[in-house]
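Colleague: below are the sequence and a predicted model; questions follow.
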Amino acid sequence: MAELWDAYDKKFNKIENTTLVRGETIPDGIYHLVSEVIVKHTDGSYLLMQRDLRKHHGGEWEVTAGGSALQGENGLEAAIRELKEETGLNADKMKEITRVVHDGHHSLYIIYLCVSDFDKNSVVLQEGETIDYKWVDKETFEKIDENELAARRTLEAIREYNLYVRENNKNGGTMTFFHASQTKNIKILKPNISNHNIPLIYFSDKRENVLVYLSNAIEKFCKEKHFKFEGFWHKWGPYGFDKDGRLCLEEYYPNALKETYSGVKGYIYSCDSISTYKELNIQIPNAYISDRPTKVEHCEYVSDAYYEIIKAEQEGLITICRYDEFIKKRKEWLQKTIRDEFANSLLAPDYRFSLENKFADILAGK
């Protein structure tokens, strides 16, 4: 009997009323789901399985088990089943550590980490799938040559994850991901359209870095001036980062900071884990993006965003370049930037309205 799979789009969304059959050509733009499991013992060693000689990449080793999700299965269910079939090990607790899209294979990979104190002698080989197994200590595992493995994907995933954990431990414990919003009582953060025109959630592992997102200067100014607009508000981000990765907030016009943030109330949401979106490199220090709904673990109420930003500056967490200082250093840059932005903002009436009002002299050539 043919093996049936559910069909997915590139965003890991299931396509209803569409069935894929193993061995048949998968149409462009459609993918099938594959779950992979990395097994780590509580003593720090990893389980490697050797592929049956009759299989593709026969005789090579895998970290640890995996296969296609059957029709009706989600990623976790497929991972639990594949682990049982290929190793004989039973586990119902696994942590998703990454997702990978392979366009050439029309495959979506969800990679899980399973940490447990398994009896190391309880591994059972699967006829036609595996012919041997071995537990490899941490030091040996970290030195494995990628060419020894049937696929590098899981090795790269666990190495990246271990690096993340080590960096996290340097900072004193579990990493927290922060997200700022003016919307209260959010239990699940959901992706929204932003300047990249992709539904995403933006996070930072630094609380002080998300304070700037508690207000949007464009939206706030337009609403105060009763400018009628229906659509996604243009995001205004007058900040950069110094060589140490510290956020530097800049004032492009007098009193910009106070006008934008004074009296603004909002919420800082904290999440313990996120599924990162890797198809877009945002190149922002300490920032992460996700295209998946994310569970909120904690919510902090902010009664005045301006007060919190000034406090963060006083504590040395961020720097602020006030207008008087900024204009002395970057007047020519600002003039050119504003004129270029205005010329390219024909499809963003909210942004255009704000620029016309805030930078009238520059646009008039003064």
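Modeller: Good, I have the coordinates.

Colleague: which stretches of the stretch 201-350 of the chain form helices?
Modeller: With helices called from DSSP state H, counting those that start in this stretch, the stretch 201-350 of the chain shows them at 207-210, 217-224, 256-261, 305-314, 323-343, 349-358.

Colleague: following the helix-or-strand element of the chain with minimal mean pLDDT, which helix or strand comes up?
Modeller: The element with the least model confidence among the helices and strands of the chain, by mean pLDDT, DSSP states H and E, is helix 153-170, at a mean of 71. As assigned by DSSP states H and E, the chain's next helix or strand after helix 153-170 is strand 177-181.

Colleague: for Y133, name its beta-bridge partners.
Modeller: In this structure, Y133 bridges to M49 when assessed by DSSP bridges.

Colleague: how about the helices in the stretch 51-200 of the chain?
Modeller: If you assign secondary structure with DSSP H, counting those that start in this stretch, the helices in the stretch 51-200 of the chain sit at 75-87, 138-142, 153-170.

Colleague: what are the buried residues along the first one?
Modeller: By neighbour count on 16 or more other C-beta atoms under 10 Å, the buried set for helix 75-87 is G75, L76, A78, A79, I80, R81, E82, L83, E86, T87. C-betas here are computed from N, CA, C, even on glycine.

Colleague: from those residues, which is closest to V212?
Modeller: Of all these, V212 sits closest to G75, with 34.7 Å by C-beta to C-beta.

Colleague: quick check: that closest one touching T98?
Modeller: No: checked against C-beta atoms under 8 Å, the pair G75 and T98 is beyond contact range at 11.8 Å.

Colleague: next, count neighbours for L200.
Modeller: 19 (other C-beta atoms under 10 Å).

Colleague: beta partners of it?
Modeller: When bridges are taken as DSSP bridges, the partners of L200 come out as N192.

Colleague: ok, now which ones touch E86?
Modeller: Contact analysis of E86 by C-beta atoms under 8 Å, 6 or more residues apart in numbering lists M49, T64, A65, G66, G67, Q126, E129, T130.

Colleague: let's see it at 7 Å
Modeller: By C-beta atoms under 7 Å, 6 or more residues apart in numbering, E86 lies in contact with M49, A65, Q126, E129, T130.

Colleague: can you check K295 too?
Modeller: Per C-beta under 7 Å, 6+ apart, neighbours of K295: I188, C271.

Colleague: ok, S290 next?
Modeller: Remark: with contacts taken as C-beta under 7 Å, 6+ apart, S290 is in contact with L200, I201, F203, I274, S275, T276, Y277.

Colleague: M94: which of those residues is nearest?
Modeller: Nearest to M94, judged by C-beta to C-beta, of the contacts of S290 is S275 at 13.8 Å.

Colleague: how many residues are close by that closest one?
Modeller: Applying the criterion other C-beta under 10 Å, we find 18 residues in the vicinity of S275.

Colleague: that one contacts R99, correct?
Modeller: Yes: using C-beta atoms under 7 Å, S275 is in contact with R99, at 6.2 Å.

Colleague: any chance of the contacts of S290 in JSON lines, with distance to E308 and pLDDT too?
Modeller: As requested, these are arranged in JSON lines below (distance: C-beta to C-beta, whole Å; pLDDT from 0 to 100):
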{"residue": "L200", "distance to E308": "24", "pLDDT": "92"}
{"residue": "I201", "distance to E308": "21", "pLDDT": "94"}
{"residue": "F203", "distance to E308": "18", "pLDDT": "92"}
{"residue": "I274", "distance to E308": "23", "pLDDT": "85"}
{"residue": "S275", "distance to E308": "28", "pLDDT": "82"}
{"residue": "T276", "distance to E308": "26", "pLDDT": "80"}
{"residue": "Y277", "distance to E308": "28", "pLDDT": "82"}
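
Colleague: tell me which of those fall in strands.
Modeller: Judged by DSSP state E, those include L200, I201, F203 as members of strands.

Colleague: spatially nearest residue to the last one (excluding sequence neighbours)?
Modeller: The shortest distance from F203 to any residue that is not its chain neighbour, by C-beta to C-beta, 6 or more residues apart in numbering, is 4.0 Å, and that residue is F177.

Colleague: from S270, how far out is that neighbour?
Modeller: F177 sits 7 Å away from S270, taking C-beta to C-beta, to the nearest Å as the criterion.

Colleague: quick one: F12 and P191, what's the gap?
Modeller: Here the criterion is C-beta to C-beta. By it, F12 lies 12 Å from P191.

Colleague: scratch that, E160 is what I was asking about
Modeller: Applying C-beta to C-beta, one obtains 22 Å for the distance of E160 from P191.

Colleague: give me the more crowded residue out of those two.
Modeller: Just comparing E160 and P191: by other C-beta under 10 Å the higher neighbour count belongs to P191, 18 against 12.

Colleague: tell me the pLDDT at that one?
Modeller: Among the per-residue scores, P191 holds a pLDDT of 92.

Colleague: doesn't I289 make contact with it?
Modeller: No: contact criterion C-beta under 7 Å: P191 and I289 do not qualify, at 8.9 Å.

Colleague: before we move on, the earlier item: closest to R246 out of the buried residues of helix 75-87?
Modeller: Distance to R246 across the buried residues of helix 75-87 (C-beta to C-beta) is lowest for G75, with 37.8 Å.
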